[in-house]
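Here's a sequence, model it:
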Amino acid sequence: MRFLALGDSYTIGEGVAEDQRWPNQWASALRALGAGIDAPRIIAQTGWTTDELSAAIDALEPLGQWDLVSLLIGVNNQYRGRDLQNYRAEFSALLERATAYAGGDPGRVLVLSIPDWGVTPFARDGKRDLARIADEIDDYNAVNRDVSETRGAVWRDITDLTRDYGARRDMLADDGLHPSGAMYALWVERLMDTM
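From the prediction side, this is the model:
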């Protein structure tokens with residue numbers, strides 16, 4: 001199986017080794033169950049918003065067909081204070097593209113919720129409204145869940161894991177913001193449990 005992972009810093013695994021990124025860990029977990037799945041092709045970069053991911057995909061076309069496509073995007077839209085309705089439109093367009101890469105089958109598209117970065121040491125600098133961050137993350141996730149489920153994609157919530165464990169140093173990369181391989185392992189465990 002061919003696996004295409006689309007996203008931002010959470011998909012590229014900012015601050016962790018390649019084998020500790022969640023798409024790589026998930027592919028390894030699937031292989032351990034006997035699935036024939038290649039290492040993922042990851043199109044993601046730290047800091048990307050929905051429009052920047054879309055532009056990067058444009059530059060790489062044609063991407064062809066994939067057996068599985070994942071999409072995790074939006075935290076940087078929230079961080080930059082972008083309009084929620086704009087996010088809905090751009091996320092919808094990205095999901096449509098992801099579905100096309102999956103042979104038109106939305107059931108082969110996995111969407112992950114956006115982590116709550118407001119629980120991290122990076123955010124707890126005394127200058128940020130942590131409750132507002134949490135509320136906005138919830139609003140963004142309500143949009144991506146609604147769009148995903150309406151279109152038949154598989155939506156999985158990992159936000160609660162970041163809220164439960166995201167302040168622990170062992171769950172964070174050295175920058176105190178991005179997840180560690182141990183946090184990504186919890187995401188993969190959640191994905192495996194809900195398959």
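
Just list what the longest helix seen in the chain packs against, helices and strands only.
Ranked by residue count under DSSP state H, the longest helix found in the chain is helix 130-150. When contacts are defined as 3 or more Cβ pairs under 8 Å, 6 or more residues apart in numbering; DSSP states H and E, helix 130-150 sits against helix 75-79, helix 84-101, strand 109-112, strand 154-156, helix 159-165. (Each C-beta comes from the backbone N, C-alpha and C, glycine too.)

I'd like the average pLDDT over that helix.
If you average the pLDDT over helix 130-150, you get 98.

Just the pLDDT for the residue of the chain most remote from its centre.
In the chain, the greatest distance from the average C-alpha position (Cα atoms, centre = their mean) is reached by residue 126, at 26.9 Å. On pLDDT, residue 126 comes in at 88.

Could you pull up the residues touching it?
Residues near residue 126 by Cβ atoms under 8 Å, 6 or more residues apart in numbering: none.

does it count as helix, strand or coil?
The assignment at residue 126 comes out as coil when based on DSSP: H, G, I helix; E, B strand; the rest coil.

Please report the distance of it from residue 162.
According to Cβ to Cβ, to the nearest Å, residue 126 and residue 162 sit 21 Å apart.
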